[in-house]
Structure formats: structure tokens, C-alpha cells
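*Asks:* got a predicted structure plus its sequence, pasted below:
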Amino acid sequence: MTGQDTGGQNTGGRVTPCDRHEIGSLFLFEKLSPEQLDRLCAEGRVELFGPGPVYTEGDPATCFYVMIEGTVVLYRRVGGDDVEVSRTAQRGVYAGAMQAYLGDRVPQTYNNSLRVTEPTRFFVMPAQSFADIMAEWFPMAVHLLEGLFFGSKNTQRAIGQRERLLALGSLSAGLTHELNNPAAAAVRATAALRERVGKMRHKLSVIARGPYSREALADLIEIQERTAERVAKAPALSPLEASDREDELADWLEDHGIREGWRYAPVFVQAGLDTDWLEQVAATVAEDVLPGAVGWLNYTVETELLMDEIGDSTDRISHLVDAAKQYAQLDRAPHRDVDVHELLDSTLLMLSGKIGSGVRVVKEYDRSLPDVPAYPAELNQVWTNLIDNAVAAIRSTGGEGTLTVRTAREGDRLLVEFRDTGPGVPEEIRSRIFDPFFTTKPVGEGTGLGLDISWRIVVSKHHGSLEVESVPGDTRFQVLLPLTAPGTRAESDPETDPETDPQPGTATGTGARTDEERA
């Protein structure tokens, strides 16, 4: 007998008589009465499938399947590939239209693909019959399941929003701290510059009243211009080189009768001036003019250095504002090709205040990597969650350690790895860390949604993978993203769309969302 349409692709199944004693031996139906078993046989069927697909992820969920004998393999679509997440020969495992009792309140499609590797018999029930029987036989259970399903969704959404607000508050505090430093530096430099300019005007009036010829003043102005140009090109010196040059300049100034040369020397060294330059100044002006000329040039150098400091501070503020815009992806397309290194740098900068001085950040970037198609604002949320967890792990061991952010190419995917030197993730909880609401942080310090949201963004929305490897002192969270955009596929909100959740109990018979199903 030819198999009936099961809503999948394996339409060669052979329908056999339904034996109520046989299906009653399955753990799912073992508590049903003979009359209930008779109704199941009347509304469902027993069907034999040959090796191949039973149904395909994304197709309309038309049937509920319970395996009587054989072997089933469950797959999830990751990017363009079907990844095996479960394989079992246990009688009674179930899959298919698991949420039929919710009706049209959720998308009724298969959230995975089911295949068999050998001739396998299923008890098959149409989705509508399954929903009707659930509502009629177990009304309280249906209400409880509905409340659990939608309640957990609402709770997850509310806590997710709260977590984002907390993260935003933390980022705002860190950004405010980072902005305060250059802003305060600019204010201090501006006050010092005003003082130096005032002294320079006073010095100019003293020089104007002094016995200086027009030629000497012209020479002094020329030296001032050359000095300002030299400040802009000052070389970077090591502390030892700077100390040696300061001693050398202080000795020269003392030898030429210039008092408090030790005060001028550090400023001149910072500006890149040396004894050769002082010799040129001494050769240009008269000996009696030299002390005044050196004092005048000292104000010039200090003024240039202060203006450089103000410029650096304002550049830093501008850079922080740009980083904040990059992090938030303001005024940008939600989906576009992006350089992950720009996203990583902006996130690290936003979190620099939270990371603190005890955590050493190492970047191991492969700058040759191409841009990837992505939702950049959401990837920044993933980086934030993973960096925050790594920093918390490091601090739990005394507050000092190393966070390494590495990028590389792995085949046709781009790898972003976050490695920390924290205590590691114990093996007994490693399979649960991506579960909603699971957290190892103290009460009040974590919602348990950071990794869950990250997993949804990476896997469900970007068709990538999120994996963890951990031993004490070396924990690595690895994000793998496709280098090219996958084929057309309906995109969904990874946090709120129930279609992105694997159906509970799929091919496990436990009703639990397992870590394997996430793959």
C-alpha cells in the first residue's frame, strides 16, 4: 500500500495495521485507556519508511511522529548545511508537529529535518488530530504548556530588554569615563595655555622695551618660527634617552649663564630640541640677548605642546564618539558587508572602562580577511556578551589575566575567538551554558540570557556557529560566520520569534531543549 502524504519528502512509506497494544507499549502512550488507544489508531496510522528523509526543516508541520522501531537522525540547518544533532534507536522518541496545540499563534513549520537510516516504523498522526486530542484529553496540560511556552517567551523578552538596558548603562558609564579623561586634559591644557600666552605677551613687552635692534627681533621671530616647526616633528625618545638629553641641555644652559636651565631642559627635550639647536640660537642672537631669547622660545615651545595636547584630547573625544556610533551602528543599513575588526575595536573601546587595568587585552587579527555579510549592531551585542563574560571569569580568579581576541579564516568561514585565562567552564555544566536563564554568576549579577541571545544571533540570524572549548586557564568562545551570504531564507528576530526555537522534545522524548539541538 502506498504511503499517505506525511508533509515531508519520503512519500514511499507503507501503511500497516495499527495495533493498539503495540503503540500502548510506547512510553508516550503507556498510561492511555484502551478506548483512547483505539482512537489513536482510528485517527493515526502506522507507516513504514525506507532510508531517507521523513520531513524537511521549514516545510509545513502536518504530522506528529512517534518511532515504533528503527533508527532516526535529527538535523538542523546551519548556514547551507544540515548538521546532525541527534541519532537514536530508542522506541517511543517523537518529533514533528510538536506545537500543533498552539494553533496559528506560532508558525506551524518543522524546525528540524528528520531522516531514517534503515527501514523504520512510525506511528503517524495528522497535526490537527494531535491538537484536537491534546485539547480534549489533557485541557489542563494544554493550558499549562501554553502558559509555559508564551510565559517563558514574555519573560525572556522582558529580561532580555532589561539586560540590554543594564549593558547600555554600563557602556554609558564606561563611555562617560573615557570621555572625561580627554575632556579634563583639554580643560587643563587650555588653562595652562592661557597662562603661557599671558606670560608670552608680558615677555614680548619686556623685549620691546629692551635694547634689542630690529635685526635682533627679526632673528628672534625667525628662530621662533623654526622652533614651532621643529616641535611638530619631535621624535619619540625612550625614558633613558630623554633623561640623558635633559642632563645635556641643562649643562649647556648653565654653561651659557642661563638660570634655571633645569626647568627649560625637559620642555626642550619634549619638543625635540637639542644642544645643536641651542648652538644655532646662540650663533644667531647676541650673547646678552640669549637668556631672553631662550625664555621667549621656552614659552613658544610650551604653547605649541599645549596646543598639541588640546588637539590630541579633542581627537580622542572625536574618536570615542565615532566608536560609539560604530558600536551602535547609527545611520547605517541593518544588514551589510562589514569588517569584523572595526566592530571588535569599537566594542573593546566601549568596554575599556569596564575591562579595567587588570585585564590585558591582546589582539591577534588577520587583517587580510574579507568583509562578511552581517547585522553589525547585533554582532556587537555578541562581542559585548562574550567579552563581559571573559572579564568576569578573569576577575573571579583575582582580577588579573589576559583576554585575547583572535580572527582567522577557517575554510569558507571567518573565525572570531575570545580566549581568557579564567578558571574555565566545568565540564558538567558546559552543555547548559547556552540555555536561557542559566548562569553561574551570583544572584542579581546575571540574567542567564547573554549567551542564549548570542547563540540566537550567531546561529539563527547569521547562519554561523558558536562553540566553546575550556580547560582551567584557557577558555575559548569561537564564533564562526559564513564568508558569503546564505541562500534566501526568512530572517527572524533571534530573541522573540518562536520559530527560531527548536521544538521541545524533538526526537528525544524528554520535552527538554538540549544543547545538541542547538547545533
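*Replies:* Arrived safely, thanks for sending. Residues are numbered from 1 along each chain as shown.
*Asks:* tell me the SS of the most centrally placed residue in the chain?
*Replies:* What sits nearest the mean C-alpha location of the chain, by CA atoms, centre = their mean, is Trp383, with 1.1 Å. State at Trp383, reduced to three classes by DSSP: H, G, I helix; E, B strand; the rest coil: helix.
*Asks:* my guess is it contacts Asp345, does it?
*Replies:* No: Trp383 is not in contact with Asp345 according to CB atoms under 8 Å; the separation is 9.9 Å. Placement of C-beta: from N, CA and C, glycine included.
*Asks:* please report how far Ala283 lies from Leu249.
*Replies:* 17 Å (CB to CB, to the nearest Å).
*Asks:* those two - which one has more neighbours?
*Replies:* Set Ala283 next to Leu249 and count neighbours by other CB atoms under 10 Å: Leu249 wins out with 23 against 7.
*Asks:* neighbours of Gly358, how many?
*Replies:* Neighbour count of Gly358, defined by other CB under 10 Å: 12.
*Asks:* list the contacts of it.
*Replies:* Ile394, Arg395, Gly399, Glu400, Gly401 (CB atoms under 8 Å, 6 or more residues apart in numbering).
*Asks:* by neighbour count, which of these wins?
*Replies:* Of the contacts of Gly358, with other CB under 10 Å as the count, Ile394 tops at 24 neighbours.
*Asks:* how about the strand or helix carrying that residue as CSV, C-alpha atoms only?
*Replies:* Using DSSP states H and E, Ile394 sits within helix 376-395. C-alpha atoms of helix 376-395 as CSV (Å, rounded to 0.1, in the frame of the first residue of the first chain):
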residue,chain,number,x,y,z
PRO,A,376,26.7,44.6,12.7
ALA,A,377,24.7,46.1,15.6
GLU,A,378,23.8,42.6,16.7
LEU,A,379,27.3,41.2,16.2
ASN,A,380,28.4,44.0,18.5
GLN,A,381,25.9,42.6,21.1
VAL,A,382,27.5,39.2,20.7
TRP,A,383,31.1,40.7,21.2
THR,A,384,29.8,42.6,24.3
ASN,A,385,28.3,39.5,25.9
LEU,A,386,31.4,37.3,25.3
ILE,A,387,33.9,40.0,26.4
ASP,A,388,31.8,40.7,29.5
ASN,A,389,31.8,37.0,30.4
ALA,A,390,35.5,36.7,29.8
VAL,A,391,36.3,39.7,32.0
ALA,A,392,34.0,38.4,34.8
ALA,A,393,35.8,35.0,34.6
ILE,A,394,39.2,36.6,34.9
ARG,A,395,38.2,38.8,37.8
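*Asks:* just checking, next helix/strand downstream of it?
*Replies:* strand 401-410.
*Asks:* the stretch 51-200 of the chain: helices as residue ranges?
*Replies:* Ranges of helices within the stretch 51-200 of the chain are 127-137, 139-209, based on DSSP state H, counting those that start in this stretch.
*Asks:* and if you look at the stretch 301-450 of the chain?
*Replies:* Under DSSP H, counting those that start in this stretch, the stretch 301-450 of the chain gives helices at 340-350, 352-355, 376-395, 427-430, 450-455.
*Asks:* rewinding a little: what angle separates the helix holding Ile394 from strand 401-410?
*Replies:* 140 degrees (axes from the mean of the first three to the mean of the last three CA atoms, to 10 degrees).
*Asks:* returning to that earlier point: just checking, which of the contacts of Gly358 comes out lowest on pLDDT?
*Replies:* pLDDT is lowest at Gly399 among the contacts of Gly358; the value there is 74.
*Asks:* look up how far Arg430 lies from Thr402.
*Replies:* Thr402 is 22 Å from Arg430, by CB to CB.
*Asks:* what of Val458?
*Replies:* Val458 is 17 Å from Arg430, by CB to CB.
*Asks:* compare these two (neighbour count), which wins?
*Replies:* Taking neighbours as other CB under 10 Å, Val458 and Arg430 compare with Val458 leading, 23 against 14.
*Asks:* part of a strand, is that one?
*Replies:* No: using three-state DSSP, the secondary structure at Val458 is helix, not a strand.
*Asks:* any idea of the pLDDT on it?
*Replies:* At Val458, the predicted lDDT confidence score is 89.
*Asks:* ok, Lys363 next?
*Replies:* pLDDT at Lys363 comes out at 94.
*Asks:* burial of Val66, as a residue count?
*Replies:* Look at Val66: counted by other CB under 10 Å, it has 24 neighbours.
*Asks:* which ones are touching Ser313?
*Replies:* Ser313 touches Pro182, Ala183, Ala185, Ala186, Ala189, counting by CB under 8 Å, 6+ apart.
*Asks:* distance from stretch 246-261 to the middle of the chain?
*Replies:* Relative to the chain's own centre, stretch 246-261 is displaced by 55 Å; criterion: CA atoms, centre = their mean, to the nearest Å.
*Asks:* list the buried residues for it?
*Replies:* By neighbour count with 16 or more other CB atoms under 10 Å, stretch 246-261 contains the buried residues Glu246, Leu249, Ala250, Trp252, Leu253, His256, Ile258, Gly261.
*Asks:* which one of the residues you listed is nearest Glu30?
*Replies:* Nearest to Glu30 among these: Glu246, at 89.6 Å, using CB to CB.
*Asks:* done for today, thanks.
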